[in-house]
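> 3D, please:
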Amino acid sequence: AIYHLWPVLHDATWTSLSVSLVAGGLSGCVSSVVSQPADSILTYVAAQNNNEATAMSTSSGSTATMGGGLIEGCRTMIREEGVGSLFRGVGSRCVWAGSIIAGQFLLYDIFRNFFHVSGDDLSQIYQLAITTVPSQGIV
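I've put the predicted structure just below:
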């Protein structure tokens with residue numbers, strides 16, 4: 001989509017690689033923001049269950065099943081700490097995921113350019129794979 005808006009960015013190798021780097025960084029940040037609430041809830045529930053298990057094992061000598069699932073954990077987090085608690089740590093996660101995915105996009109394009117692989121080459125491989133695999137009985 002970026003190349004349709006600004007076709008000149010595709011002309012030079014360094015601008016093409018820059019687009020990959022920026023696109024990877026943005027996609028990493030967006031994926032972090034989208035998945036952060038679920039990760040925060042899972043971490044909260046695991047920590048609560050761990051605390052309850054420790055308390056129960058030291059007081060009664062046995063571990064019973066802990067109550068409170070994901071929905072209850074989410075409700076508790078929002079009630080006690082507000083909606084912002086679902087996004088705790090999202091900044092550092094954005095930096096981490098943005099860096100990792102930007103690096104992956106960049107390396108992919110570097111090697112694709114190094115081996116002179118175009119988008120048409122990749123679609124031919126895809127076409128070959130979807131026509132060959134079903135005839136081999138793999139799917």
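> so how far is the lengthiest helix in the chain from its chain's centroid?
Counting by DSSP state H, the longest helix found in the chain is helix 13-60. In terms of CA atoms, centre = their mean, to the nearest Å, the centre of helix 13-60 is found 8 Å from the chain centre.
> Which strands or helices does it pack on?
Using 3 or more CB pairs under 8 Å, 6 or more residues apart in numbering; DSSP states H and E as the contact criterion, the neighbours of helix 13-60 among helices and strands are helix 2-5, helix 70-81, helix 90-114. C-beta coordinates here come from the backbone N, C-alpha and C atoms, glycine included.
> Restricting to C-alpha, output the first one in PDB.
Output in PDB follows, covering the C-alpha atoms of helix 2-5 (Å, rounded to 0.1, in the frame of the first residue of the first chain):
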ATOM      1  CA  ILE A   2       2.900   2.400   0.800                       C
ATOM      2  CA  TYR A   3       4.400   1.800  -2.600                       C
ATOM      3  CA  HIS A   4       1.100   2.600  -4.300                       C
ATOM      4  CA  LEU A   5       1.000   6.000  -2.600                       C
END
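> about what we covered before: tell me which of the helices and strands packed on helix 13-60 lies nearest to Ser16.
Nearest of the helices and strands packed on helix 13-60 to Ser16, taken as CB to CB: helix 90-114 at 6.5 Å.
> Show me what the closest one is in contact with.
With CB atoms under 8 Å, 6 or more residues apart in numbering as the test, helix 90-114 has contacts from 13, 16-17, 20-29, 31-33, 36, 39.
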